[in-house]
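Q: I would like to see how this sequence folds:
(one chain, ligands or ions: 1)
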Amino acid sequence: MPFGYNGKILRVDLSKKEIEVEEPDEYFYRTYGGGACLGAYYLLREMFPGVDPFSPDNIIVFAGSCVNGAPVPGFARSAIVFKSPLTGAIADTQAAGYFGPELKFSGFDAIVIKGKSDRPLYLWVHDGEAEIRDASHIWGKTTGEAQDAIRKELGDERIICACIGQAGENLVRYACVVNNLKHAWGRLGAGAVMGSKNLKAIAVRGHKKLEMKDRETVLSIAKHFSTNFMKESPDNIGLHNLGTSQYVIPQNEDGQLPTRNFQTGYFEGAENISGERMKDTVLVNGEACYACSVRCKRVVKADSPYKVDPAYGGPEYQTIAMLGSDCGVDDLVAICKANELCNKYGLDTISTGGVIAFAMECFENGIITKEDTGGIDLRFGNKEAMVKMVEMIARREGIGNILAEGVKRAAEKFGRGAEKFALHVKGEEVPAHDPRAKGHLALMYPLCPMGADHVQAEHDGAFTPGWTPFFAQRVKPLGILEPLELSSIDHKKVRRFFYFQNVSSTLDTLTLCVFAFAPVRYFTLRELVELVRAITGWETSLWELLKLGERRVAMFRAFNVREGFTKEDDWLPERMFEGLLTGPRKGQKVDKDKLREAIDLYYEMAGWNKDGVPTKGKLAELDLFWVAEELERHGRYREG
Ligand code: SF4
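A: Next up is the predicted model:
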């Protein structure tokens, strides 16, 4: 067994209440790495196409990688992989915090869960053992109440709990899972899948030390990062001081801060909801994930006009934009309250904000009225309505029951033209980065197997004309030698997107934090390779690690193809082909013909046929011929 892994994967069948331990060989670990790629392996191998995401047959995988547990900045993440109830496609959602390292210390690399319990349960994983325990007493509780009860019951305040709240129990299709109350595996409904299985939480604790091949090298690279990142990395200085909320003002000044359901990219109230304003008013502290000197997490507290509990952290850029400017809300405390409620009830802040903004635009256009909203004046800018909607969605109360289904299904239910206000890709709500402004986003949303996901590749901003040596140095090892205009989607941009996607996919497979690694952040690609070598003892290379990322994307695509997704699903919402209404980028839009050309070119680059199906040759090259056989068995290779 390589260093860095425990060599043990926990298998849990909730229907049979059975637990087993699997011990894969080194070939498995080196081929699939961990995180999203490891999870995709189980979904492709053990799930049939067409499974209802809420059925017992859906598999949900919690996975770390070789890096978790090493005391290095950016090594705190873990992934949850499952079939999404929001999209019906494969889902990979990542969270930092403490769960990933603690899972490693508990003696396991991943947990693979299937089946459905006939009563509420939680899983207790500790020091090489696991047990299924009754959760009847914490069903219906918030994440905070559930975590407190579990820690008290097991007598250890340092237990790390991955919990769902009422939103997951109520099968809100974008319910999330949180660890330590504030680190969310946010997107695509992992919380709802846990809820469908009657699984309230996974509690982990362990005392096993991570075995590394060359501990000294790992510690020395980590020390170099912590000593220097503030001196040399402009983006990390901002992250340390303001967290991701540092992006609110620059995004607005550049005309790309989503405002009033993406009608425009300029919000007149941006100053009021900025990171700087947060620092001057409600910020209590910055906080770190396990062993991370960046400390980009926010903790906020307020008493008026809402009481905000600091235990639930503070809003990140995405939360501020989606529940703030995108809903026309310029009250920072209201956004902090909505963030607290999302973490308490277990709701994805991005989809929640997108859904509320959609409902507000429907209301302003008379598609829904006060009769539908229970008397609530659901106009853009109404902060009380925004906060109230979060509660109603989590509890599926009134119109919240429809909005809990996501914008795609809600628009179908509302009818009367609501579809044009439903901004989603493959059913996933568009996050707070505008594809009309950034070319990588225009490619990323349609081409990401999961839907509109903004972390599938680094964005364009740092790699435009006038780029600094810091950023140029980080991407030259990839053969990216020239900056490109921000919004272009020509052949050079498609190439760069393809390379950046493989880098991000590698980070997701190795459960590494994007806020610590190249292309934009401090760790270089060379250091990435050195760290994996020093931990595992493998004589690995950038080539091999990037193949991990490419393998993940190919497996995700193959999963979706097997489910019946086609190239028609690779597209943007209509609004993105219409010009922004106001602001510095007024009139800017994505060109449909150019996007079609770019998507076709990407298919060729990725080794997919004209129908968007990964070819047998590409899958064989990635050592995934068994996946090609699976697609063949399901008739997915036709003349194309
Ligand atoms: S960079 Fe931020 S999100 Fe990433 S591990 Fe460090 S503190 Fe957590």
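Q: Can you show me the helices along the stretch 201-350 of the chain?
A: For the stretch 201-350 of the chain, the helices defined by DSSP state H, counting those that start in this stretch occupy 215-232, 234-242, 248-253, 275-280, 317-323, 332-345, 349-364.
Q: buried ones in the longest one?
A: If I follow you right, that is helix 215-232. Using 16 or more other CB atoms under 10 Å as the burial criterion, the residues of helix 215-232 that qualify are 218, 221-222, 225, 229. All C-beta spots, glycine's among them, are computed from the backbone N, C-alpha and C.
Q: Looking at those residues, spot the one nearest the ligand.
A: Nearest to the ligand among the buried residues of helix 215-232, counting by CB to the nearest ligand atom, is residue 229 at 9.6 Å.
Q: Now for the closest residue to that closest one other than its chain neighbours: which residues touch it?
A: Using CB to CB, 6 or more residues apart in numbering and skipping residues adjacent in sequence, the residue nearest residue 229 is residue 522, 4.1 Å away. Going by CB atoms under 8 Å, 6 or more residues apart in numbering, residue 522 touches 225, 228-229, 232-233, 236, 516.
Q: of the residues you listed, the lowest pLDDT goes to which?
A: Minimum pLDDT across these is recorded for residue 233, with 75.
Q: Tell me who's in contact with it.
A: The contact partners of residue 233, by CB under 8 Å, 6+ apart, come to 470, 521-522.
Q: Closest to the ligand out of those?
A: Nearest to the ligand among the contacts of residue 233, with distances taken as CB to the nearest ligand atom, is residue 521, at 7.8 Å.
Q: Stretch 534-548: which residues count as buried?
A: Using 16+ other CB under 10 Å as the test for burial, stretch 534-548 gives 534-538, 540, 542, 545-548.
Q: repeat for stretch 470-490
A: Going by neighbour count (16+ other CB under 10 Å), the buried part of stretch 470-490 is 471, 474-475, 478, 480, 483-484, 486-489.
Q: Between helix 215-232 and the lowest-mean-pLDDT helix or strand in the chain, find me the angle.
A: Of all helical and strand segments in the chain, the minimum by mean pLDDT, DSSP states H and E falls on helix 234-242, at a mean of 88. In terms of direction (axes from the mean of the first three to the mean of the last three CA atoms, to 10 degrees), helix 234-242 departs from helix 215-232 by 80 degrees.
Q: So which other helices or strands are in contact with helix 234-242?
A: helix 215-232, helix 275-280 (3 or more CB pairs under 8 Å, 6 or more residues apart in numbering; DSSP states H and E).
Q: mind redoing it with 10 Å?
A: helix 215-232, helix 248-253, helix 275-280, strand 283-287, helix 469-475 (3 or more CB pairs under 10 Å, 6 or more residues apart in numbering; DSSP states H and E).
Q: Quick one: distance of the last one to the chain centre.
A: Taking CA atoms, centre = their mean, to the nearest Å, one finds the center of helix 469-475 at 26 Å from the center of the full chain.
Q: again with stretch 335-347
A: 17 Å.
Q: Kindly report the same for stretch 521-533.
A: With CA atoms, centre = their mean, you get 22 Å for stretch 521-533.
Q: Just give me the residue right at the centre of the chain.
A: residue 93 (4.0 Å; CA atoms, centre = their mean).
Q: interface residues of the chain facing the ligand?
A: Taking CB under 6 Å from any ligand atom as the contact definition, the chain meets the ligand at 73-74, 76, 96, 288-289, 292, 294-297, 513, 515-516.
Q: All good on my end, thank you.
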